Structure formats: structure tokens, C-alpha cells
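A.B. asks: any chance you could fold what I've pasted below:
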Amino acid sequence: MVAADEASQWRARIPADIDRPEPLAFGLSGRQLLILTPVLLALWAGFLLLKDTVEPAVLAGCTVPVAAVALVVALAQRDGTGIDRLAWSALRWAGSGKRRVGAPDGLPDIPWWAPKAPRGPRLHPLRLPASAITDEGAIDLGERHAAIIACSTVNFHLASGREQDSMITAFAAVLDSLSDPVQIIVQGRAFDLAPLTRRLRADAPRLPHPGLEEAALDHADFLDELQDHRELTQRRVLVVVTTGARGARSAAGAIRAADTLAAALGGIGIRADVCDRETCEQVIRSCFAPAYSTPADTAPEEG
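C.D. replies: Numbering: from 1, shown residues only. Now for the predicted structure:
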């Protein structure tokens with residue numbers, strides 16, 4: 001069991017506002033200043049022009065609501081996103097089609113002789129962020145490429161205090177060595193044991209002893225019962241490495257960066273494998289289909 005003084009050696013405080021934009025003036029970011037400055041200048045100019053002809057109470061009644069709305073738009077946030085960005089996203093969503101179809105070359109025009117379909121949701125082409133995957137596993141995202149690393153886990157709490165310190169130091173060195181954006185994804189997916197039980201039953205008659213065959217069949221029955229009475233899930237850890245260069249250089253750079261990161265993670269005790277084209281397709285398909293189940297014979301191993 002790790003003592004309190006040993007556990008405190010690897011604890012570190014991380015600021016909660018690590019992604020907060022750098023303030024430029026008066027504690028406000030550049031985006032907030034761009035929203036407030038034109039509104040305040042317009043209100044001040046209107047006050048100077050109308051102060052001799054309009055009552056002060058009327059001016060205050062007109063300017064205070066406008067200033068309040070500007071302050072709310074510039075300063076208020078919801079789930080870490082500014083109100084102005086939420087409003088812009090809402091407008092884009094309201095004006096876009098709600099039904100997407102696969103049409104890489106665009107939607108064809110309906111011939112004049114075709115009967116008009118009943119009025120319904122507008123169709124728009126489905127634009128996916130990934131357009132192609134190379135044989136090495138580099139995903140084409142348009143202006144950049146990405147590579148996926150499938151990682152195992154390490155049992156941190158069973159390690160001693162000294163081992164925990166060395167793990168954290170090594171992981172900090174890995175993070176410090178990163179020069180490109182990296183995303184860590186932890187997925188929980190349904191786990192299907194049917195392929196494993198089928199393989200057990202198919203290989204059982206070829207075992208050298210009848211007792212081994214009976215044990216294999218019993219184990220297959222146990223797995224079937226476990227599948228029927230339990231909701232099996234598998235936790236998968238993925239690290240996505242992206243590069244900002246374009247073209248073939250970007251694809252090669254993404255794979256090279258992924259290989260370097262996988263080797264560094266291997267020094268910590270994490271099994272890290274760069275995904276090839278087939279594995280990348282499986283990962284992307286599972287991300288688009290939440291109910292997609294991972295077969296037991298193709299699932300990455302956990303450490």
C-alpha cells in the first residue's frame with residue numbers, strides 16, 4: 001500500500017483554466033474586445049450626438065439594454081463555449097439540411113419530367129472529415145493527416161511509490177516531447193464473445209486428449225452463458241497524432257510521429273501499436289456507429 005508521503009510525491013496541481021485565452025486589456029481576450037469595443041463606441045457616439053436633444057433617462061433606457069446584451073454575449077459561457085459562438089452555431093444548424101446523404105460529387109438536379117416529391121426535409125451532401133486512408137494508416141483530413149495508435153493500459157495503483165514516480169516522470173517526458181496536436185480517446189464498446197466460442201468448438205475435436213476437448217467445450221458453454229447474462233464491454237485507449245503539413249509529406253510525417261510516440265509509450269510499459277489501414281477503418285466505423293460491437297478475435301489486447 002502506498003504511504004501518504006509517497007503518494008504526495010507524484011501529485012501535481014493542474015490549473016482548471018489551462019485553455020483560457022490570454023487577456024489583452026482589462027482582463028478581456030481579443031475576441032471579447034472585438035465584441036465590446038464597437039458596441040461601446042457606438043453607444044458613446046450616440047450619447048454625444050443626442051445628449052442635448054434627448055432626455056438622459058430616455059438615453060439610459062435605450063443604451064443600458066444594448067450594453068447588457070453586449071456584455072452577456074462577450075462574457076457569458078455555456079460548457080466552456082462563448083454565447084456568440086453558440087449563437088453562430090445555432091444559426092448555421094438552422095440553415096443547414098437535417099438529412100445527409102452520401103453524394104461526394106454533389107446532389108444531382110431532379111429532371112423536369114420527374115414527379116415532384118412531397119415536401120420534406122432538405123437533402124444535403126454528407127461531408128466526412130476523413131476522405132482517404134493510406135496503406136500505412138495515415139488518415140487524410142484535408143489540410144492535415146492523422147495517425148491512430150492503439151494503446152494498452154498499465155495498472156498504476158498496484159505499483160509501488162517509486163514505480164509510480166518513474167511512470168509519471170516518463171509520461172511527463174513523453175508529453176514534453178510532443179510537437180504536434182495529440183488527442184487521447186477512451187472508448188467503451190460492446191464486446192462479442194461469439195467468434196471466440198465458435199473457434200473453441202471448432203478446435204476442440206483436434207485436441208490430443210478427450211479431457212482437453214471436454215474442458216474446451218465446457219469453457220465455450222461458460223462463455224456463452226456469460227454473454228447471455230452479462231453486458232460485456234471493452235475499454236479501448238486510442239491516441240490520435242496529427243500533423244499540419246500537406247500532401248505526401250504530411251502523411252509520412254503523421255506515421256513517423258506516431259511511430260516515435262508509440263516507442264516512447266513502450267518505455268513506460270504501455271503496449272502501443274500504430275494502426276494500419278484496416279484497423280483505422282474499423283476504429284472510424286465504430287466511432288460513427290455507437291452500437292458497433294468489437295469481435296473478440298479482432299479486438300486489441302489490453303495490458
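
A.B. asks: buried residues, the helix or strand where residue 262 lies. List them.
C.D. replies: Using DSSP states H and E, residue 262 maps to helix 247-266. The neighbour-count check on helix 247-266 (16 or more other Cβ atoms under 10 Å) flags 250-259, 261-262, 264-265 as buried. Any C-beta I mention is one placed from the backbone N, CA and C, and that applies to glycine too.

A.B. asks: same check on stretch 125-135?
C.D. replies: 133-134.

A.B. asks: what segments of the stretch 51-200 of the chain are helices?
C.D. replies: Assigned by DSSP state H, counting those that start in this stretch, the stretch 51-200 of the chain shows helices spanning 56-75, 83-95, 161-176, 194-203.

A.B. asks: which of these sits closest to residue 211?
C.D. replies: helix 194-203 (15.0 Å; Cβ to Cβ).

A.B. asks: what's near enough to touch the residue most central in space within the chain?
C.D. replies: Closest residue to the average C-alpha location of the chain: residue 185 at 6.0 Å, with Cα atoms, centre = their mean. Taking Cβ atoms under 8 Å, 6 or more residues apart in numbering, we find residue 185 in contact with 237-240.

A.B. asks: try 7 Å
C.D. replies: With contacts defined as Cβ atoms under 7 Å, 6 or more residues apart in numbering, residue 185 is in contact with 238, 240.

A.B. asks: list the beta-bridge partners for residue 77.
C.D. replies: residue 82 (DSSP bridges).

A.B. asks: count the neighbours of it for me.
C.D. replies: Other residues within reach of residue 77, judged by other Cβ atoms under 10 Å, total 10.

A.B. asks: which pLDDT value goes with it?
C.D. replies: Per-residue confidence (pLDDT) for residue 77: 78.

A.B. asks: just the one 5 residues further on next, same as before
C.D. replies: According to the predicted model, the pLDDT of residue 82 comes to 80.

A.B. asks: residues in contact with stretch 49-65: which ones?
C.D. replies: By Cβ under 7 Å, 6+ apart, the residues outside stretch 49-65 that reach it are 43, 47.

A.B. asks: where does pLDDT dip in this structure?
C.D. replies: 1-21, 103-106, 114, 116-121, 244-249, 289-303 (pLDDT under 70).

A.B. asks: can you pull out the strands in it?
C.D. replies: Taking DSSP state E to define them, one finds strands in the chain at 77-78, 81-82, 99-101, 123-125, 132-133, 139-140, 145-151, 182-192, 233-243, 272-274, 294-295.

A.B. asks: give me the contact list for stretch 215-233.
C.D. replies: Residues from elsewhere that reach stretch 215-233 (Cβ under 7 Å, 6+ apart): 188-191, 193, 196-197, 200-201, 204, 207.

A.B. asks: now those: which count as buried?
C.D. replies: Applying 16+ other Cβ under 10 Å to the contacts of stretch 215-233 flags 189, 191, 193, 196-197, 200-201, 204 as buried.

A.B. asks: dump the helices of the stretch 51-200 of the chain into TSV; add distance to residue 284 as well.
C.D. replies: Below are the helices of the stretch 51-200 of the chain laid out as TSV (distance: least, Cβ to Cβ, whole Å):
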stretch	distance to residue 284
helix 56-75	37
helix 83-95	24
helix 161-176	25
helix 194-203	21
